[in-house]
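Enquirer: how would this look folded up:
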Amino acid sequence: MEAAGKEEISVEDEAVDKNIFKDCSKIAFYRRQKQQLSTKSTYQALLDSATKGKDSTKFQILNEATKVPLLAEVYGIEGNIFRLKINEETPLKPRYEVPDVVTSKPRTVRLISSSGDAGSLVLADGKGDLKCHITANPFKVDLMSEEEVVMSINSLGHLYFEHLQVPLKKRATKENKEDTSVDASQENQEDLGLWEEKFGKFVDVKVNGPASIGLDFSLHGFEHLYGIPQHAESHQLKNTGDGDAYRLYNLDVYGYKIHDKMGIYGSVPYLLAHKPGRTLGIFWLNASETLVEINTEPAVKYTLTQMGPVAAKQKVRSRTDVHWMSESGIIDVFLLTGPTPSDVFKQYSYLTGAQAMPPLFSLGYHQCRWNYEDEQDVKAVDAGFDEHDIPYDVMWLDIEHTEGKRYFTWDKKRFPNPKRMQELLRNKKRKLVVISDPHIKIDPDYSVYAEAKEQGFFVRNHEGGDFEGVCWPGLSSYLDFTNPKVREWYSSLFTFSAYQGSTDILYIWNDMNEPSVFRGPELTMQKNAIHHGNWEHRELHNIYGFYQQMATAEGLIQRSKGKERPFVLTRSFFAGSQKYGAVWTGDNTAEWSYLKISIPMLLTLSITGIPFCGADVGGFIGNPEAELLVRWYQAGAYQPFFRGHATMNTKRREPWLFGEEHTRLIREAIRQRYTLLPYWYSLFYRAHVAAEPVMRPLWIEFPEELNTFGVEDEYMLGSALLVHPVTEPKATTVSVFLPGSNEVWYDSKTDAHWEGACTVKIPVTLDTIPVFQRGGSIVPIKTTIGKSTGYMTDSPYGLRVALSTKGSAVGELYLDDGHSFQYLHQKQFLHRKFSFLSGVLTNSCADKRGHHPSKCVVERVFVLGLKKQPSSVTTHSSDGKEEPVVFTYCTTMSTLSLEKLSLNIGADWEVHIK
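Expert: Numbers count the residues shown, from 1 in each chain. Okay, the predicted model is just below:
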């Protein structure tokens, strides 16, 4: 053990050959399900057995070959959601059901049952426009909306359920002969990986035998599907060929391959289907390894069907089939019936929770590398930002800040006085983020290890001892975050008394929490490791990191006695991780293709409930050329989580190290981020209260426009800004698609305007970020920028009013103290609504419940698309006071500029333009 502990661990342990990861052909449950499907065993529902409980309707499903019954339950859930659960009726022992993800017990609605024709059962919600039509033989469920079938379940007959069995060793010979599900040939058993599965030098022993499940869903009329992150792949899901399924299995893949369906750091088993007129969601609640196959059959204009003597022409709708397969657990699936994209977002958020309201500083710029060397280095980098007049909010420290990779400690030589270092940052209203990974160095003298060991808080191996694996500190044990007691204890480690050297400006980053285990199978934990409740790791692998982030966020909240909002970034995540903080796309590479793929990756996270997401600016691995770095800052400034990061042994790349011109361009990009902070913060409030994504694919804003459904090189920020990052080297023009036939779009840089529903070629130089404001919107900005968000609390606002084709516009501003929970508990916030109609700009209250004193004033108003030069402009306050305003009108660009105003942001007022 000592030898392993002393071995030098380096980045090479993580940057392994990609062949150590499985493709589908190496996954036994995939092979079994595919083989089974070729033989087609059918299930039938015993609808005579149907019973109606308080919350659900239950009935048996029988496999015609084995005659072993399954129990199905159908629930109606408030807000147009159906839930289908299928489990063994009498399993040998309980099967794992994912806890803690669905926020509270969803309120059920009574489904009214009526028998359809013979052999079917219809369950309708109270309103009667949504129905579940269950067919007995073969078993099938049709989800109907206003008499149209929108989704069918098991119409392809892919329902698959492996029953728990008595281990081979324990069976009598007689039973063995009778058991049809176990093939006598040893070779075949090995190939199918029933009781053990070999991969490379690893053998996965399965004490419970095979336990996989599967089910198919057919989406009628749908050709566009999105979701199931995380993959370095296009936003629109692609058809999967044989052996090419999307894999959901959280893995530490350093410098992951792009345009690949292999699983990387996080998994959200949730997808959306969209067509004009309807959006649907399927949320497959399972935390074991999961594979998803997708196949779209496009619409056929007409097919000939034989109807008696006459051949009739019949239009065939397009259809997409989705096949989910998981290694274990039960079938527990939520069907979100929309009908609009925003309805689906609300339905999913009702189940898994909303994005936590982030502290304002976390929407600023973050500066990170592996590693800032010591206190002196931190001080110099911090000073560099001020010297070059570049705002930033957060300094980050990676694993080298600790004493030998022991988390919650400081390296005494490099960081002898961490509190003094934090004071330096605090004086500039900045914060510090440090890393805390789930692996704990095996060292009896390390108090965190000793305490966890004594209390039995580590994941165990299948022999019953503590699981041991290699990670950054050498030999380590892994905290079992699935245990509520471990989470409670871990949360307590963040108190100021426990975490020596920490202060209230220190926040946390959870990394390596897939969990990453160097030299383990696929660089992770053996599937037969044992967690709290005696569950095997295979049952809950994908939720391990979710639990660490949950415990960390809780620890930061407790540290402030429940007063302050936490900030926690996690690399590994699951459905519901949005409740605890932010996520990033992991170890990307400093190449143009990774900049480009970051857009669809972030769009996919955004629509699957995780709006606070970002990619390492500049690329984590390798050394970006100056042009790529500038373009990445320009893209990152318009993405939710904005952090520069670089790995060990890369050249230093602080924003001022690439010559004066590049420094200017990076400064400009970061300053644009700070200018737009009021808009960003308001968008996060919408994400928090209404589950609206911050970064949105075009199809969400233009759900009826087919030509937006596949766009992934540009996106909307909220509903007002369209962003098209430049992702090609030496670009001189960019083709920007401006959607919406009734829309008008204004170039944020030149104020030029275009009609919608066209593609425009925009000339670009290295200082151009193509950003367009949508006509009909009002965007609040800050007119002066400070060293960090903390300096900008009282700085004045500006309003950018972009008029629609009808000459009107609306917008909003959300404002609170930026850091506490008082917006929630004491309703200390301001929510203002801006509107422009018939020449009058109005600031009114959007939510009467909120109160928050603010000294801020609106000092500038800029109106785009004002066709006629005004004769006068006056302000009108709520007490009836009227004052003339000096204005500048530009005839060529149709813009009106009002300066030197002093209108309180929290008061009602009007500006009249005559």
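Enquirer: OK, contacts around the residue nearest the centre of the chain?
Expert: Centroid check for the chain by Cα atoms, centre = their mean gives I610 as the closest residue, at 2.9 Å. Residues counted as contacts of I610 (Cβ atoms under 8 Å, 6 or more residues apart in numbering) are P229, V268, Q355, F573, S577, Q578, V583. The way it works is simple: take the backbone N, C-alpha and C, and place the C-beta from them, glycine included.
Enquirer: Can you verify my assumption that Y160 contacts P210?
Expert: No: under the criterion of Cβ atoms under 8 Å, Y160 makes no contact with P210, lying 10.6 Å away.
Enquirer: which two from the contacts of I610 end up farthest apart in space?
Expert: P229 and Q355 (15.0 Å; Cβ to Cβ).
Enquirer: Which one of the two is surrounded by more residues?
Expert: Per other Cβ atoms under 10 Å, whichever of P229 and Q355 has more neighbours is P229, with 32 against 28.
Enquirer: Look up how far L47 lies from D117.
Expert: 12 Å (Cβ to Cβ, to the nearest Å).
Enquirer: Just the helices from the stretch 451-600 of the chain, written as ranges.
Expert: 484-492, 537-540, 544-559, 592-607 (DSSP state H, counting those that start in this stretch).
Enquirer: can you check the stretch 151-300 of the chain too?
Expert: 173-178, 186-192.
Enquirer: Comparing the ones you listed, which yields the minimum mean pLDDT?
Expert: Across these, helix 173-178 has the smallest mean pLDDT, namely a mean of 45.
Enquirer: More neighbours: which of D117 and L47?
Expert: Set D117 next to L47 and count neighbours by other Cβ under 10 Å: L47 wins out with 21 against 7.
Enquirer: Could you pull out the buried residues of the helix or strand encompassing the more buried one?
Expert: Using DSSP states H and E, L47 sits in strand 43-52. Neighbour counts over strand 43-52 (16 or more other Cβ atoms under 10 Å) mark Y43, Q44, A45, L47, A50 as buried.
Enquirer: same question, stretch 18-28
Expert: Across stretch 18-28, burial judged by 16+ other Cβ under 10 Å covers I20, F21, K22, C24, K26, I27, A28.
Enquirer: That stretch spans what distance, first to last residue?
Expert: 19 Å (Cα to Cα, to the nearest Å).
Enquirer: For that stretch, what does the pLDDT average out to?
Expert: Rounded mean pLDDT across stretch 18-28 is 93.
Enquirer: Show residues contacting that stretch.
Expert: Taking Cβ under 8 Å, 6+ apart as the rule, stretch 18-28 contacts 30-31, 192-194, 197, 199-200, 210, 243-245, 247, 251, 253, 257, 262, 289, 291, 522-523.
Enquirer: if we go to 7 Å?
Expert: The contact list for stretch 18-28 (Cβ atoms under 7 Å, 6 or more residues apart in numbering) reads 30, 192-193, 197, 199-200, 243-245, 251, 253, 257, 262, 291, 522-523.
Enquirer: and what of stretch 896-905?
Expert: 797, 813, 832, 854, 856-863, 866, 870, 873, 875, 885, 887-889, 909, 913.
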